[in-house]
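Asks: here is my input; please provide its structure:
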Amino acid sequence: MNPVIEVKNVTKDYGNGRGIFQENLTVNQGEMLGFVGTNGSGKTTTIRCLMGFIKPTSGNSYVNGLESYTHASEIAKSIGYVPGEIAFPDVGTGNQFLKSQAEFLGLQDMSYANELVKRLQLDPRAGLKRMSKGMKQKTAIVAALMANPPIIVLDEPTTGLDPLMRQAFVSIIKEEHAKGKTILMSSHMFEEVEDTCDRVALISNGYLIDSVTMEAINNRPTQDFKIEFEKPEDYERFHHEGFAITREQPQYQQVTVALPRQEIAKLFKALASYDVRFISEIKYTLDKHFQEVLKEKNHVQ
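Replies: Predicted coordinates for the structure are as follows:
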């Protein structure tokens with residue numbers, strides 16, 4: 001593994017329990033890491049420390065081995081960054097802003113920028129000050145990606161985008177990932193990171209709680225099934241079959257069972273002698289995983 005982004009024992013203490021505390025996070029070369037948590041959980045503070053915008057109370061973060069706060073201007077040239085709060089300089093139109101960014105990055109060829117403008121349905125002729133939140137978001141995305149940076153850092157990049165444009169953005173970021181880019185994307189939407197990321201980390205109240213690969217979520221060794229029986233006697237009889245019942249809803253004659261993948265055939269064989277109204281698999285999601293992790297953590301505390 002070749003770590004490109006490293007956050008090592010970083011604390012940024014704003015007082016009154018606000019900030020991030022003893023945070024450790026690594027993103028390896030070519031990996032796309034989702035960074036999730038509710039608003040105020042510490043995602044933006046982590047990213048600002050990483051970008052070198054703010055100095056941690058203790059600890060250090062690194063990009064390609066360079067310490068973030070010391071080498072912020074150098075790091076900025078290798079990162080495509082979309083901030084959580086977009087505040088453009090007063091440079092007139094979207095076109096003028098993109099042109100000034102291209103000059104800063106030494107970008108001569110604007111063909112990819114033009115492609116992104118088209119795919120995101122952005123009108124860059126509009127004045128920055130008059131742009132809607134969604135238009136500003138699109139402009140920031142184009143500015144971040146147009147120079148083909150090897151590292152991409154995105155802080156809630158789809159805020160303000162309508163569902164269609166969110167879909168367009170997801171397609172673009174998947175393509176960037178396929179090119180071998182190293183990507184860190186914060187979000188409060190689990191579906192967004194489930195659909196794009198290799199691994200997802202959860203932050204809560206300033207503390208990094210858990211990190212899990214999407215492969216582990218999608219290929220969980222246990223599967224859950226909800227079964228509803230036509231007759232009360234079948235519902236009662238099924239309890240004696242020996243399957244692990246995780247939830248009972250007698251008013252609907254429903255049970256939820258959890259069983260290893262290799263026992264699925266055994267379940268269906270047993271159900272052949274029952275009058276079953278329906279059976280459906282309950283998909284295991286990232287949201288469900290993190291809820292279980294938080295529940296377990298709160299229980300231990």
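
Asks: got the phi/psi numbers for Ala258?
Replies: Its backbone dihedrals place Ala258 at phi -110, psi 130, with angles given as degrees, to the nearest 10.

Asks: actually, Tyr69.
Replies: Reported as degrees, to the nearest 10, the phi and psi values for Tyr69 are phi -70, psi -40.

Asks: quick one: residues contacting it.
Replies: Applying Cβ atoms under 8 Å, 6 or more residues apart in numbering to Tyr69 gives the contacts 49, 52, 54-56, 60-61. Where C-beta positions appear, they are placed from N, C-alpha and C, glycine not excepted.

Asks: relative to Asn24, how far out is it?
Replies: For Tyr69, the distance to Asn24 (Cβ to Cβ, to the nearest Å) stands at 17 Å.

Asks: go on, Gln249?
Replies: Here the criterion is Cβ to Cβ. By it, Gln249 lies 42 Å from Asn24.

Asks: kindly report the same for Ala147.
Replies: Noted for Ala147: a distance of 30 Å to Asn24, by Cβ to Cβ.

Asks: mind listing the strands for the stretch 51-200 of the chain?
Replies: Applying DSSP state E, counting those that start in this stretch to the stretch 51-200 of the chain gives strands spanning 58-63, 66-67, 79-82, 151-155, 182-187, 199-204.

Asks: can you redo the ones you listed as CSV with mean neighbour count?
Replies: Converted to CSV, the strands of the stretch 51-200 of the chain look like this (neighbours: other Cβ atoms under 10 Å):
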stretch, mean neighbour count
strand 58-63, 19
strand 66-67, 14
strand 79-82, 22
strand 151-155, 23
strand 182-187, 25
strand 199-204, 22
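
Asks: any chance of these in CSV, with distance to Ala272 and mean pLDDT too?
Replies: CSV is the format used below for those (distance: least, Cβ to Cβ, whole Å; pLDDT from 0 to 100):
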stretch, distance to Ala272, mean pLDDT
strand 58-63, 58, 97
strand 66-67, 63, 97
strand 79-82, 54, 96
strand 151-155, 50, 97
strand 182-187, 44, 96
strand 199-204, 39, 95
